[in-house]
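Asker: Sequence plus the predicted model coming up.
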Amino acid sequence: MRSTGSWYEVRRVDSGAGEEVLKARLRGKLRLGGSRSTNPVVVGDRVECSLEPSGEVWIEQVLPRTNYIIRRSSNLSRESHIIASNIDRALVVATLFSPVTAPEFIDRFLVTCEAYEIPAAILLNKMDLAGATPAGVEAVERFTQVYEGAGYRVMHASAVTGEGMDELRDYLRDRTTLISGNSGVGKSTLIKAVSPGLDIRIGEISHAHGKGMHTTTFSQMYPLSEGGYIIDTPGIKGFGLVDIGGGELYHYFPDLMRVAPNCQYYNCTHTHEPGCAVIRAVETGEIAEERYLSYLKMLEEDEKYRK
Ligand code: GDP
Ligand code: ZN
C-alpha cells in the first residue's frame with residue numbers, strides 16, 4: 001500500500017484475514033534484485049510475506065506484475081523508479097474553472113497510459129461552476145467532444161451537487177485505479193464522497209527532507225469502501241515519456257494513429273510533410289486541433305530529453 005524507504009505497509013488479502021494492515025520489511029535478497037529500477041517493491045505489488053513468532057513481517061517474494069509505470073530518477077540518469085504496479089485503469093481529474101487544467105497535462109497523462117496500455121478516462125469535475133455560464137457550458141461541450149473524439153470516456157461530475165458520483169463509483173468499484181490531476185481539482189473531495197470514512201489528501205507532496213532539499217514523493221494505495229483501490233502518485237508531472245522516441249510519439253495518440261497509415265511517407269512525423277493524413281485530418285476537423293497542438297508541443301519539449 002505504501003513504502004517509505006525501509007518500511008512497507010502491506011494489506012492482508014488472504015482468506016478470512018480481514019482488513020489488517022501490517023508493517024513489513026524486505027529480505028535482503030529482494031533488495032539486490034538486479035533490475036535497473038531503484039525500488040524492488042512498489043505500491044500495487046502483490047507480495048508474499050512471512051510472519052515470524054516475534055510478530056515481524058517479512059516480504060519474501062513479489063508476485064509477477066501485470067504492468068507497472070516508471071519514471072526516470074532524473075533526466076540524466078539511466079536508472080528508473082517504478083511508481084506503481086498492477087494498475088487496471090487510470091483516471092485523470094480535470095477542471096475547466098478554478099483551476100484550469102492545461103490540455104497538455106491531460107494529454108501527457110493519456111500518452112503515458114497508452115504507452116503502458118492502461119485504459120484511461122477523464123473526469124471533468126466542478127460541473128457546478130462550469131454549468132453556471134453559457135461560456136462554461138460551451139467549454140464543457142468542446143472539451144467532451146475533443147476527448148470523446150480521441151476515443152476516451154469523459155465523465156462529468158460535481159462533488160458539490162453530486163452529479164456523476166454514481167458513475168464514478170461504478171468506474172472505481174473492484175478495480176485498481178491510478179488517479180491523477182492537478183492540485184485543487186477536487187480529487188480528495190471526490191474520493192471521500194465515493195468512499196466515506198476514507199480520510200485522505202490526494203496528491204499532497206511530502207517534503208520529507210526539508211527545505212532546499214530534494215522533494216520526495218511517495219505513491220500510496222487506498223482501499224475503497226465498495227471494493228477496489230485507488231493509487232495516488234504525487235508528483236506525477238515528472239512521470240516521463242521514458243522510452244518513447246520522437247518518431248513513435250504519435251503511436252500514443254489514438255486519434256492520430258487512426259489516420260497515420262494514410263500518410264504519404266511511412267516515416268512521416270506529421271509536422272510538415274506533404275501528403276500527411278494527420279495534417280489533413282486536423283484541417284477537416286476529424287482530429288481536434290487541441291490534440292494536434294499538444295502533440296507538436298510534446299514532440300518539441302521532449303526532444304531535449306532524448307538527446
Ligand atoms: P485535490 O487537491 O485535487 O485533492 O482537491 P480538493 O479535493 O482538496 O478540492 C480543492 C477545492 O475544490 C476544495 O475547496 C473543494 O471543496 C473544492 N471542490 C471539490 N470539488 C468541487 C466541485 O465539484 N465543485 C466546486 N465548486 N468545488 C469543488
Ligand atoms: Zn503524417
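Answerer: Structure received. Predicted model, so just to flag it, every value in this text is computed and none were measured. Residues are numbered from 1 along each chain as shown. Ligands and ions are numbered 1, 2, ... in the order given.

Asker: Isn't residue 115 up against residue 252?
Answerer: Yes: between residue 115 and residue 252 there is a contact under CB atoms under 8 Å: 5.2 Å. Glycine gets a C-beta too; all of them are placed from N, C-alpha and C.

Asker: Using the three-state scheme, assign residue 201.
Answerer: coil (DSSP: H, G, I helix; E, B strand; the rest coil).

Asker: I figured it hits residue 188, correct?
Answerer: Yes: using CB under 8 Å, residue 201 makes contact with residue 188 at a distance of 5.6 Å.

Asker: Just want to know which of those two has more residues nearby.
Answerer: Using other CB atoms under 10 Å as the criterion, residue 201 and residue 188 rank with residue 188 on top: 20 against 14.

Asker: how much space between that one and ligand 1?
Answerer: For residue 188, the distance to ligand 1 equals 3 Å [CB to the nearest ligand atom, to the nearest Å].

Asker: Same question for residue 50.
Answerer: Going from residue 50 to ligand 1 by CB to the nearest ligand atom gives 37 Å.

Asker: Wait, a helix at that residue?
Answerer: No: under three-state DSSP, residue 50 falls outside any helix and is assigned strand.

Asker: residues in contact with it?
Answerer: Applying CB atoms under 8 Å, 6 or more residues apart in numbering to residue 50 gives the contacts 57, 58, 60.

Asker: my read is the last one is in a helix, agree?
Answerer: No: if the criterion is three-state DSSP, then residue 60 is strand and not within a helix.

Asker: Count residues in the vicinity of it, would you?
Answerer: 14.

Asker: Roughly how far does the residue nearest to residue 223 when sequence neighbours are not counted sit from residue 220?
Answerer: Once flanking residues are discounted, residue 223 sits nearest to residue 229: 5.6 Å by CB to CB, 6 or more residues apart in numbering. As judged by CB to CB, to the nearest Å, residue 229 and residue 220 stand 10 Å apart.

Asker: Same question for residue 120.
Answerer: Residue 120 is 20 Å from residue 220, by CB to CB.

Asker: cool, and residue 291?
Answerer: 31 Å.

Asker: Please name the residues that touch residue 158.
Answerer: 125, 126, 127, 128, 164.

Asker: ok, which of those residues also contact ligand 1?
Answerer: By CB under 6 Å from any ligand atom, the members of the contacts of residue 158 lying near ligand 1 are 125, 126, 128.

Asker: low-confidence ranges in this structure?
Answerer: 15-19, 31-37, 72-79, 204-217, 235-243, 304-307 (pLDDT under 70).

Asker: ok, back up a step: turn the contacts of residue 158 into TSV, including distance to ligand 2, secondary structure and neighbour count.
Answerer: Shown next, in TSV, are these (distance: CB to the ion, whole Å; DSSP: H, G, I helix; E, B strand; the rest coil; neighbours: other CB atoms under 10 Å):
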residue	distance to ligand 2	secondary structure	neighbour count
125	35	coil	28
126	37	coil	25
127	36	helix	23
128	41	helix	16
164	37	coil	19
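
Asker: which among those gets closest to residue 82?
Answerer: Closest approach between these and residue 82, by CB to CB: residue 125, at 28.4 Å.

Asker: any idea how far the closest residue to that closest one other than its chain neighbours is from ligand 2?
Answerer: With sequence-adjacent residues excluded and distances taken as CB to CB, 6+ apart, residue 125 is closest to residue 186, at 4.4 Å. Distance, residue 186 to ligand 2, by CB to the ion, to the nearest Å: 38 Å.

Asker: pretty sure residue 186 contacts residue 93?
Answerer: Yes: counting by CB under 8 Å, residue 93 is a contact partner of residue 186 at 6.5 Å.

Asker: so the residue nearest to residue 223 bridges to which residues?
Answerer: residue 176, residue 223 (DSSP bridges).

Asker: Contacts only, for the residue in the stretch 51-200 of the chain that ligand 2 sits nearest to.
Answerer: Nearest residue of the stretch 51-200 of the chain to ligand 2: residue 150, at 16.7 Å (CB to the ion). By CB under 8 Å, 6+ apart, the contact list for residue 150 reads 110, 253, 254, 255, 288, 291.
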